[in-house]
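> fold the following, please.
(chains A and B)
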Amino acid sequence: MCVLCYELAPEDHWSDGVRPGEPSAPPLRDRHRRTRILAAVLAPYGLTVSDPGAGRHLTIADRKGAAEVAAGLPAVWEAAGRLSSRPLDPLDPVLLAALAEAGR
Amino acid sequence: MLLGAPGRPPAAAVSRRAVTVLSGFLGSGKTTLLRGELGRAGAPGPAVILNDFGATMVDDGLLLRSADAPIVISGGCACCTRREDLAKALAGLLDAEQRGAAPRRDQVVIETSGLSDPGPIAFTIANDPVLRHHYALARVCVTVDAMTGIGAAEQHEVALRQLLAADEVLITKADLVEPERVEVLLRWVHDLNPSARVAVTAQGDVLRTVPAAEVRAAGSGSRAPGDEGAHLRGISTLELTTREPLDWQAFSVWLSLLLHRHGPDVLRVKGVLDVRGTGPVALNAVQHVVHRPEHVAQPMPPGTRLVVIVRDLDPEQLERSFRAFLTIG
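Numbers count the residues shown, from 1 in each chain, chains lettered A, B, ... in the order given. Sure, this is the predicted structure:
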């Protein structure tokens, strides 16, 4: 547990094991990039993600205002699954079409 | 073979003790192979942990040497949870070292029971808060009986899981079948798990080794194993390749969501990623357990090559998904 913010230290996740970019690049850049990617994935499910900038937390919210705080990718998917009316699926044709459209 | 090339510890285990998991279906020759390997190993030999189902152990008697009694853990299960018995045995090894009761051993061999799934063992080593700082899974070696291996994988789910988890497949009892039969088995293993190196053995001795199947040079592809004989329904092997470096954040979001949604059907992910701004990164996942990615120090050809083995998932849809996530800007 962090003695300053009382956050329970989450377990290391494999996705945090690689630091892309130059060694001098600020770690926040990776964090912002991951948040942008998560936003693109969650949008077709009617969800948003925001980064309050504290600890490893991200906030996942639906359009009705319900929100959950999640630390780490597994917790993000758990929270999004509870908030969404459809199960999140990387093979979902609707999601893939939305990503393709956004990539144009 | 089981212990890797002399003097060249695996990258993941430079400072930690290298753990070799020796798996394989019942009667496929694990203990014979291990006896041969222990006989060839120099001093100090590896620490050996044996797991078996029976109340009366047999294999420990076969392996027993005066100075190197194996640690025996009985029971065992095929469920995908932390193996408390194994964690205790590995912690006991550390404790013995620190008390000065045993020398440090840089190699540990875990011989699993013939009905064990390597997944929980990998999970235990990768996720234990203490053990993961002292041990690194170096390789999963799986024995396949030249006479009965294909039939066992067709009939027993756990035998198939063992094969798919392998970094090295050891075809045993090659002296008991016709050479053509060994060739059929070699092609079958390569179709099933192209990321695995294959060794052909007889009576515990290696006759020859065959490197992992070459990844197709142009683009990606998928195939169902068993063109040479057995047909394993629902299993597809997919090779994902990119010529350009990929974005780590996009890839890790994709893989984590894939494992979250379809984890039980993603049987194996293994390969080297060309990560933008970082270079080659080795990735290895056995079922839903993803080992911490390792930066690869030696020069690698550009591009990503990733083998994904799935069950009851559409390989084409999977590849479309992989590429769609990589395009997220």
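
> contacting residues around the most centrally placed residue in chain A?
Central residue of chain A (C-alpha atoms, centre = their mean): residue A:38, 4.6 Å from the mean position. Residue A:38 makes contact with A:49, A:58, A:76, B:253 under the criterion C-beta atoms under 8 Å, 6 or more residues apart in numbering or on different chains. Where C-beta positions appear, they are placed from N, C-alpha and C, glycine not excepted.

> tell me how far it lies from residue A:12.
Going from residue A:38 to residue A:12 by C-beta to C-beta, to the nearest Å gives 19 Å.

> likewise residue B:322?
In this view, residue B:322 and residue A:12 are 24 Å apart by C-beta to C-beta.

> equivalent analysis for residue B:269, please.
Using C-beta to C-beta, we find residue B:269 at a distance of 18 Å from residue A:12.

> those two: who's more crowded?
Between residue B:269 and residue A:12, residue B:269 has the larger neighbour count (other C-beta atoms under 10 Å in any protein chain shown), namely 23 against 14.

> wait, residue B:254 sits on residue B:323?
No: with contact defined as C-beta atoms under 8 Å, residue B:254 and residue B:323 do not form a contacting pair (9.6 Å).

> report the residue ranges of every domain in chain B.
Domain segmentation of chain B under automatic domain parsing yields B:11-210, B:221-326.

> out of these, which gets nearest to chain A?
domain B:221-326 (3.7 Å; C-beta to the nearest C-beta).

> chain center to that closest one, what's the gap?
Chain-centre distance of domain B:221-326: 15 Å, with C-alpha atoms, centre = their mean, to the nearest Å.

> mind checking if that domain is in reach of chain A?
Yes: Domain B:221-326 is in contact with chain A by C-beta under 8 Å from any C-beta of the partner chain, via B:247-250, B:252-258, B:260-262, B:275-278, B:281, B:290-293, B:295, B:313-314, B:317-318, B:320-321, B:324-325.

> just the ones of those in strands?
Among these, the members falling in strands (DSSP state E) are B:275, B:281, B:290, B:295.

> next, the contact list for residue B:197, please.
Taking C-beta under 8 Å, 6+ apart as the test, what residue B:197 contacts is B:167, B:168, B:169, B:209, B:210, B:211, B:212.

> same question, residue B:198
B:168, B:169, B:170, B:171, B:186, B:189, B:190, B:209, B:210.

> ok, which residues in chain A are in contact with chain B?
Contact residues, chain A versus chain B (C-beta under 8 Å from any C-beta): A:11-15, A:17-22, A:25, A:30, A:33-34, A:36-38, A:40-41, A:73-74, A:77-78, A:87-91, A:95-96, A:99-100, A:102-103.

> please pick the buried ones from the residues you listed.
Neighbour-count burial (16 or more other C-beta atoms under 10 Å in any protein chain shown) applied to those gives A:13-15, A:17-18, A:20-21, A:30, A:33-34, A:37-38, A:40-41, A:73-74, A:77-78, A:88-91, A:95-96, A:99.

> pLDDT of the longest helix seen in chain A, averaged?
Assignment by DSSP state H gives helix A:27-42 as the longest helix of chain A. Averaging pLDDT along helix A:27-42 gives 90.
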